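J.: fold the stuff below for me.
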Amino acid sequence: VQLVESGGGSVQAGGSLRLSCVASGLSDGDYCMGWFRQAPGKEREGVAAVGVRGSPVYEDSVKGRFAISRDNVKNALYLQMDGLKPEDTGVYYCAALQLSPCLLAPLKLLGHWGRGTQVTVS
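T.: Below you'll find the predicted structure:
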């Protein structure tokens, strides 16, 4: 499984970014896909995840600001981030795992990972 993220950048507080992740090498099955982030000196934390049939889950601090979506035909995952805050700064990683239900904790422990894309909010 290979995951490639894109769309990171530097924005001012209150701005928006849209992250994308394209997956390849997925076998048939219900793949849970999600976004995680890691700030300098901190542990990697879950942001949002969504299963092949929908039903997204979000970390509390991003609810109402971020929206996760996926295109199952393209094996793509997206994260629309609005109302960005400085505390959203970090490297954002895409993860995927054949998993149902789609939950952040097991995805973090067992998922396949991309290399990440940097998001900086000032």
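J.: could you count how many residues lie near the nearest residue to Asp82 once chain neighbours are set aside?
T.: Using CB to CB, 6 or more residues apart in numbering and skipping residues adjacent in sequence, the residue nearest Asp82 is Ser16, 4.7 Å away. C-beta: built from backbone N, CA, C; applies to glycine. Neighbourhood size, Ser16 [other CB atoms under 10 Å]: 11.
J.: what's the average pLDDT for the helix or strand harbouring Ser55?
T.: Element membership for Ser55 (DSSP states H and E) is strand 54-58. For strand 54-58, mean pLDDT is 93.
J.: remind me what the helix or strand just after that strand packs against, helices and strands.
T.: The helix or strand immediately downstream of strand 54-58 is strand 66-71, counting by DSSP H and E. In this structure, strand 66-71 packs against strand 31-38, strand 45-51, strand 54-58, strand 76-81, with contacts taken as 3 or more CB pairs under 8 Å, 6 or more residues apart in numbering; DSSP states H and E.
J.: off-centre distance for strand 66-71?
T.: Chain-centre distance of strand 66-71: 8 Å, with CA atoms, centre = their mean, to the nearest Å.
J.: what comes into contact with it?
T.: Strand 66-71 is touched from outside by 33-35, 47-50, 52, 56, 58, 76-82, with contacts defined as CB atoms under 8 Å, 6 or more residues apart in numbering.
J.: the same query, at a cut-off of 7 Å, please.
T.: Strand 66-71 is contacted from outside by 33, 35, 47-48, 50, 56, 58, 76-81, using CB atoms under 7 Å, 6 or more residues apart in numbering.
J.: quick one: which of these is nearest Leu26?
T.: Met33 (9.4 Å; CB to CB).
J.: and Ser61, how many neighbours?
T.: Ser61 is flanked by 13 other residues according to other CB under 10 Å.
J.: quick check: closest non-adjacent residue to it.
T.: Glu87 (7.6 Å).
J.: any idea how far the residue lying closest to Gln12 once chain neighbours are set aside lies from Gly64?
T.: Of all residues not flanking Gln12 in the chain, Ser122 sits nearest, at 6.0 Å (CB to CB, 6+ apart). To Gly64, Ser122 is 22 Å away according to CB to CB, to the nearest Å.
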